[in-house]
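Novice: Below: sequence and its predicted model.
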Amino acid sequence: MKIDISTLSLLENQENGNSKSSTSSSSSSSSNSSSSTSSSDVSWVKIGPEKQKELEARGWNQKAWDKDDPSLMTFYNEVELDWHQLPEERLKFWTDRGYNKEKWDSEEDKLHDSVYIEGDANTKPTVIKLPLKDLCRFDISYFESLENNEMKVELYNGADLTASDETPAAKMSLKDFLSQLQDGKTAYKFVLEDIDMEKSQFEELGKVITQDIKDGLTNSKLGGNNGIFKEEWQKLDPEEFNWSMWMGAKGTQTPMHFDTDLFNFLYVVEGKKRVVLIPNDHRTAGMFKVKEFYSGSAFTGIDVLSKDFVLPEGSVDVEVGPGEGICISYRWWHSVENMENTLAYGFRIVG
């Protein structure tokens, strides 16, 4: 979860172990203490314009840096925070997922720590038909038929495009959520991804997702020797992929964000999604400011699904229906709306 700020080559002494706040302590095998004390002498002015620019891309500014206070940062950047600096709701989120101060401070997240890395300017998001008969058995009725559908599940807000949807907004039984979904009376989404607790209840489903999508992509036009789904990835064991599940009623949405996954594929089993994708490169440089950044996702709080929003050059606005999937290009901005009650599965390579 933490950033090794020494990768910025701030100063020679930082290269040798001193860095801004204990976010860099994850890369130090010899110290468990916060480095903010040793870095307090490294003022914003001493860092210089070039490094200031790099740090600004991570949310830092002069006041926040000199006071060593992430709460003063230009935008919320969770990977920069120490355990004790996490907001209460995020502290609970990570505690529920098995984290404590020691684990948080000891982990690195070099792949996910850089907000300012551009996306892939050479690959356009691709929608393909992919008949996955085994996976398509796991539709919404599958969840309704589960014997343990009384279990409590975390739900996320599907009606607010001005903020991230990283933190659960409610909790209810799966049975009650499905009933509300079918009646069109819920603005919540049921999401399983990354290290969400409920994923352990769906191990069979997870195995089918990773195996079926991996095989389908390998044998599709996205596979082969020169496809977007690289040959080296085709050789990986299914358990090396990260799976996710997205279920929401008509009208529920996912706010504009980009993900840092090396490969990101979304497959619709039931329903229909509108997916708006915007390049994150020189064509949109300086156009969107990050509002919140978590380990793996950056959010802007901008409603790009609105009919009044003018999409920039190179953007893609598509609908993805049952039996279709979309390859979301690396670090492209995207936002999603369910046009019907929809169930989709994600297939990712984190790194």
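Specialist: Everything's here; your move.
Novice: show me the contacts for the residue lying closest to residue 288 once chain neighbours are set aside.
Specialist: The shortest distance from residue 288 to any non-neighbouring residue, by CB to CB, 6 or more residues apart in numbering, is to residue 300 (4.9 Å). C-betas here are computed from N, CA, C, even on glycine. Counting by CB atoms under 8 Å, 6 or more residues apart in numbering, residue 300 makes contact with 255-257, 288-291, 333.
Novice: Reformat the residues you listed as CSV; add secondary structure and pLDDT.
Specialist: Formatted as CSV, the contacts of residue 300 follow (DSSP: H, G, I helix; E, B strand; the rest coil; pLDDT from 0 to 100):
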residue, secondary structure, pLDDT
255, strand, 97
256, strand, 97
257, strand, 96
288, coil, 94
289, coil, 91
290, coil, 91
291, coil, 92
333, strand, 97
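Novice: any idea where the helices of the stretch 51-200 of the chain begin and end?
Specialist: Remark: helices assigned in the stretch 51-200 of the chain by DSSP state H, counting those that start in this stretch are 62-67, 88-96, 101-106, 140-144, 174-182.
Novice: residues in contact with the second one?
Specialist: The one in question is helix 88-96. 78, 83, 86, 104, 166-168, 197.
Novice: Top of these by number of neighbours, please.
Specialist: Counting neighbours by other CB atoms under 10 Å, residue 78 comes out on top of the contacts of helix 88-96 with 24 neighbours.
Novice: so it touches residue 86, yeah?
Specialist: Yes - the pair residue 78 / residue 86 is scored as a contact, 7.4 Å apart, by CB atoms under 8 Å.
Novice: just to revisit the earlier point, okay if I get the helices of the stretch 51-200 of the chain as CSV plus distance to residue 265 and mean pLDDT?
Specialist: Formatted as CSV, the helices of the stretch 51-200 of the chain follow (distance: least, CB to CB, whole Å; pLDDT from 0 to 100):
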stretch, distance to residue 265, mean pLDDT
helix 62-67, 37, 94
helix 88-96, 26, 92
helix 101-106, 29, 88
helix 140-144, 20, 97
helix 174-182, 24, 97
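Novice: Most tightly packed of these?
Specialist: helix 174-182 (a mean of 18; mean count of other CB atoms under 10 Å).
Novice: how far out from the middle of the chain is it?
Specialist: The chain centroid and the centroid of helix 174-182 are separated by 25 Å under CA atoms, centre = their mean, to the nearest Å.
Novice: Equivalent analysis for stretch 239-249, please.
Specialist: Mean-position distance between stretch 239-249 and its chain equals 12 Å (CA atoms, centre = their mean).
Novice: ok, the most centrally placed residue in the chain - contacts?
Specialist: Centroid-nearest residue in the chain, with CA atoms, centre = their mean: residue 297, separated by 3.7 Å. Going by CB under 8 Å, 6+ apart, residue 297 touches 164, 166, 257-260.
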